[in-house]
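Trainee: Build me a structure from this.
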Amino acid sequence: MRTTKTIAALAAALLAGGGLAACGGSGSTSSSSSSSTGSGVLNIGMPNGAQSDNNNPFLSSSAANSLGYKNVIYEPLVMTNAVQPAQPGTPWLASAWTWSNNYQKLVLTIRNGVTWSDGQALTAADVAYTFNLVKANATLNSYAITFGDVSSSGNTVTLTFPSSQFVYQTHILNQFIVPQHIWSKISNPATNAVASPVGSGPYTLTSFSGNTATLTRRSSYWQTLPQIKTLHYTSYSSNTTQTQALTDEQADWSFVFIPNPSVTYTAKDPAHLKLWFPAVLGDHGLWLNTTIAPFNNANLRIAMNDAINRQTIVKTGEDGYFYPVVTSNTGIPTPAGNSYIGSQFTSDTASVSATTAKSLLSSTPGFSYSGNNLMYGGKQVSIQLADPAGWSDYDTDLTLIQNDLATIGISASVSQPNANTWTTNVADGDFQGVLHWTNNGATPYDLYATIFDGYTPIGQTANTDFGRFQSTDATNALKQYASASTDAERTTALNTLENIEVTQMPFIPIMAANGGGEYSTKNFTGWPDDTNPYAPAQPTLINSLQIILKLKPVSGS
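Mentor: Next comes the predicted model:
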């Protein structure tokens, strides 16, 4: 199980999608230096093990990224919400932005009145510098975006691109900004530990001791100051110790897989201990090696899809909450992706029916039944399913899939190599079936690009299309979606991709990626939930700042 899928495979997530309502004055164009009357300490934890004092916001392995406190020091241009990706972004360091020339030109208006934590003013020159820094250093360019010219004039920044950035627009707008007067003196920005980070966010790092970083609220900030004075970010040694910290009130907020949470977590304090794991636009599902017969047969893959009981997998393997069920055969999670599913596919949902699957296979040339066994080429169809030992939820999921496939006569076995071997095998195409995730983003493009894009021959390392599915139509539709100049063209391309997934099922979608988290309402209120999904609840995403700005200490806490 991957417990930290942020939008860098989530760094996001995304991680990620459209916008949300302003909180803590986030949508205001006026600055604020008034002091908040709030107090208190917010304890945030992650089960990420030993950490070193590294605060480099560009380095995915730094403590600042791993624990999430980068997001209260450095701020994005625009705040977006992966839970509601179709909504527009909320202005942040950019008070306005305009795309033109089919997303090949971006003009940003940079907010006035913002200061760095060392007192210097944040300017458009800092924004241009940040993008030029990313442009000049491939290791900082997480999404391999090709930049053209980047320049600033007054309070505007202009970026050009050699091709449409429609599918990358959120990644660009989510870019955090660093101060030129600090970073221009850093010789190697990809490796520097940044001992004393200077950002525009409302908190500064005051200490790093053991595995805990302490951050203190600034005296002034361009928005209304948060009501929480101190943040403690702690890295716990395991899921178990992190869960214990939540139930013992040592941690208020985390993102951790908790087995049987109704017993081991929420039951400890039902009134206050909450969890919320909404879907975002990414999947976990069964990848089949489509270069191996008979899994190169679309009808077999569709029949396997009909046999798999997603509800049982999510209820048992994921304890009913961690990864939400994907019901659409397009693979697009709902409700996050409702607006993207074509009208012709809205009723094309997964339903468990061994009878339907067997009927399809019985009428498919090359397949037959001998008793209850599905036969192909004179032998029972068999498949080896693999996932790393120790990924307890995935391991349970595969056992359930094994049982489901038996209902249509397929003999499945489960192997559990170590994580390194498994990762290599997936990338090299040395497998029959694996439970694996897709990328996720602001549109279904990232999901489908993982499934269809970049065919790589067996034995060569693949970063996408792990099932080695070849489709010229899919390749062309991805290109059309990325370069389209109108919404109508994008809809046409997306409908093509959805149709290929539904009718050929190269990837069997089972569960959605999540933007979730666990939190306690005992000391703080204002958390996101189903009734107010203003942000994903994961404390390592950029929206964690938005949540902290919205939180209010409970009186007497």
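
Trainee: quick check: longest helix of the chain.
Mentor: Secondary structure of the chain per DSSP state H: the longest helix is helix 487-504.

Trainee: contacting residues around it?
Mentor: The contact list for helix 487-504 (CB atoms under 8 Å, 6 or more residues apart in numbering) reads 166, 298, 301-302, 329-332, 340-342, 344-345, 348, 444, 448, 451-452, 469, 471, 473-474, 477-478, 480-481, 484, 506-507, 509. Glycine gets a C-beta too; all of them are placed from N, C-alpha and C.

Trainee: tell me which residues in it are buried?
Mentor: Within helix 487-504, the residues scored as buried using 16 or more other CB atoms under 10 Å are R490, A493, L494, N495, T496, L497, E498, N499, I500, E501, V502, Q504.

Trainee: Tell me which of the contacts of helix 487-504 fall in strands.
Mentor: Judged by DSSP state E, the contacts of helix 487-504 include F507, P509 as members of strands.

Trainee: Can you tell me how far A535 is from A94?
Mentor: Distance, A535 to A94, using CB to CB, to the nearest Å: 18 Å.

Trainee: should've said T364
Mentor: T364 sits 54 Å away from A94, going by CB to CB.

Trainee: can you check N132 too?
Mentor: 17 Å.

Trainee: Excluding chain neighbours, what is closest to Y168?
Mentor: Among residues not flanking Y168 along the chain, I145 sits closest, at 5.6 Å (CB to CB, 6 or more residues apart in numbering).

Trainee: no, scratch that, I was asking about V178
Mentor: Once flanking residues are discounted, V178 sits nearest to T130: 5.3 Å by CB to CB, 6+ apart.

Trainee: ok, now Q380?
Mentor: Excluding its sequence neighbours, the residue lying closest to Q380 (CB to CB, 6+ apart) is N373, at 4.5 Å.

Trainee: how many neighbours does the one you found have?
Mentor: Residues contacting N373 under the criterion other CB atoms under 10 Å number 16.

Trainee: Would you confirm that it contacts G409?
Mentor: Yes - contact criterion CB atoms under 8 Å: N373 and G409 qualify, at 4.8 Å.

Trainee: Give the residues shared as contacts by these two.
Mentor: Q380.

Trainee: before we move on, the earlier item: T364 and A94 - which one has more neighbours?
Mentor: Set T364 next to A94 and count neighbours by other CB under 10 Å: A94 wins out with 24 against 17.

Trainee: Point out where the stretch 1-150 of the chain drops to low pLDDT.
Mentor: Along the stretch 1-150 of the chain, segments meeting pLDDT under 70 span 1-39.

Trainee: just the chain next, same as before
Mentor: Within the chain, the segments meeting pLDDT under 70 span 1-39, 556-557.

Trainee: okay, now the closest residue to F452 other than its chain neighbours: neighbour count?
Mentor: Nearest residue to F452, sequence neighbours excluded (CB to CB, 6+ apart): A474, at 3.9 Å. Other residues lying near A474 total 25 when counted by other CB under 10 Å.

Trainee: Please tell me how far A474 sits from L494.
Mentor: Look at A474 and L494: by CB to CB, they are 11 Å apart.

Trainee: cool, and L447?
Mentor: Relative to L494, L447 is positioned 11 Å away (CB to CB).

Trainee: For the stretch 401-550 of the chain, just list every one of the helices.
Mentor: Listed in chain order, the helices of the stretch 401-550 of the chain (DSSP state H, counting those that start in this stretch) span residues 419-428, 445-452, 472-483, 487-504, 544-550.

Trainee: So which of those is nearest W183?
Mentor: helix 544-550 (20.3 Å; CB to CB).

Trainee: Can you list the strands that the next helix or strand after the closest one pairs with?
Mentor: Following helix 544-550 in sequence order, the next helix or strand is strand 552-553 (DSSP states H and E). Strand 552-553 sits in its sheet next to strand 524-525 (antiparallel), going by DSSP bridges.

Trainee: Distance from the chain centre to the strand it pairs with, please.
Mentor: The chain centre lies 25 Å from the centre of strand 524-525; the measure is CA atoms, centre = their mean, to the nearest Å.

Trainee: Sort out which residues of stretch 270-282 are buried, please.
Mentor: L273, K274, L275, W276, F277, P278, A279, V280, L281, G282.

Trainee: now stretch 452-469
Mentor: Residues of stretch 452-469 classed as buried by neighbour count (16+ other CB under 10 Å): F452, D453, T456, A462, T464, D465, F466, G467, R468, F469.

Trainee: So the closest residue in space to A190 that isn't next to it in sequence versus A307, what's the distance?
Mentor: Nearest residue to A190, sequence neighbours excluded (CB to CB, 6+ apart): T139, at 4.3 Å. Distance from T139 to A307, counting by CB to CB: 44 Å.

Trainee: Who has more neighbours out of these two?
Mentor: Ranked by neighbour count (other CB under 10 Å), T139 and A307 place A307 first, with 23 against 12.

Trainee: wait, isn't that one in contact with I408?
Mentor: Yes - with contact defined as CB under 8 Å, A307 reaches I408; the gap is 4.7 Å.

Trainee: shared neighbours, those two?
Mentor: Listed as contacting both A307 and I408 by CB under 8 Å, 6+ apart are A354, A357.

Trainee: Ramachandran coordinates for the residue nearest to T464 when sequence neighbours are not counted?
Mentor: Leaving aside its sequence neighbours, T464 sits nearest to G454 (CB to CB, 6+ apart; 4.5 Å). The phi/psi pair for G454 (degrees, to the nearest 10) reads phi 70, psi 50.

Trainee: Now find how far off-centre stretch 197-209 is within its chain.
Mentor: The answer for stretch 197-209 is 25 Å, by CA atoms, centre = their mean.

Trainee: Okay, now the sheet partners of the strand or helix carrying V107, with direction.
Mentor: If you go by DSSP H and E, V107 is part of strand 105-110. Strand 105-110 has the following sheet partners, assigned by DSSP bridges: strand 94-100 (antiparallel), strand 156-160 (antiparallel).

Trainee: want to throw those strands into JSON lines with distance to G390?
Mentor: What follows is these, written out as JSON lines (distance: least, CB to CB, whole Å):
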{"stretch": "strand 94-100", "distance to G390": "43"}
{"stretch": "strand 156-160", "distance to G390": "44"}
